[in-house]
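coordinates for the following, if possible.
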Amino acid sequence: MSHETSVRRAVTSGTFSLDGETFDVDHTDNADNTANTDNTVWLIGDDKEVLIVDAAHDARAIHAAVDGRRVTATVCTHAHDDHIDAAAELSVLTGTPVLLHPDDNELWSFTHHGRKSDGELSDGRALTVAGIELQVFHNPGHTWGSCSLYAPSLETVFTGDTLFRGGPGATGRSCSDRPTIEASVRNRLLTLPGSTVVRTGHGEDTTVEAERPHVPTP
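Numbers count the residues shown, from 1 in each chain. Take a look at the predicted model:
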């Protein structure tokens, strides 16, 4: 195996529960987007070590995708249960910390009663894996603690459920707000180079340039 850095996609399936209801995973407010139960788990690194973005549904499947490499951390883009329900088990399997923005601690507690995340994400924090620097952007709106990870050297940003192909993510449930997510996307993500690849928590990749027309201006 080479020591080249890479981004690998693992797909897991399940449901999403909030506000006393359980749903198939539906990642946008747009009526022309079909609901699905698939979550994307991202593994960033090389043949020696990886960082995991979102621990969705199946800790053992994610651990298998790690393929024996050292895991530096599991980063939660936000604390909806379909992105963190495997986090506690995966932390045990890999012996590594789970990182979450503190504004999502309450949401986290709905899924993981009595267990806190292991470390805090904050706007401007830098994480490093396999020589790749990942810059944390706090992008509230989908949830209050939603974050994205920008990797300049890979010309890629990992946006969780904040930005999808077709525009900003859903804000129809508690702990969310449409003007806030639009401002988060417009003021932080759309300032990145247009060719930046947007790797999302559900569905297909897109680019910053492709999404600019889908974000309203004030």
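
so where's this structure uncertain?
1-4, 19, 21-37 (pLDDT under 70).

centroid residue for this protein?
residue 160 (3.0 Å; Cα atoms, centre = their mean).

excluding chain neighbours, what is closest to that one?
In this structure, residue 160 finds its nearest non-sequential neighbour in residue 77, 2.7 Å apart by Cβ to Cβ, 6 or more residues apart in numbering. Backbone N, C-alpha and C define where each C-beta goes, glycine included.

right, and that neighbour touches residue 163 too?
No. Using Cβ atoms under 8 Å, residue 77 is not in contact with residue 163; the gap is 10.7 Å.

shared neighbours, those two?
residue 148 (Cβ atoms under 8 Å, 6 or more residues apart in numbering).

ok so, going back, quick one: contacts for the residue nearest to residue 160?
Residue 77 makes contacts with 53-54, 83, 146-149, 158-162, 201, as judged by Cβ under 8 Å, 6+ apart.

surely the residue nearest to the centre of the chain meets residue 201?
Yes. Counting by Cβ under 8 Å, residue 160 does reach residue 201; the two are 4.5 Å apart.

what do these two both touch?
Listed contacts common to residue 160 and residue 201 are 54, 77, 83; contacts here mean Cβ under 8 Å, 6+ apart.

circling back to that earlier point, narrow the contacts of residue 77 to those in strands?
Among the contacts of residue 77, DSSP state E puts 53, 147-149, 158-160 in strands.
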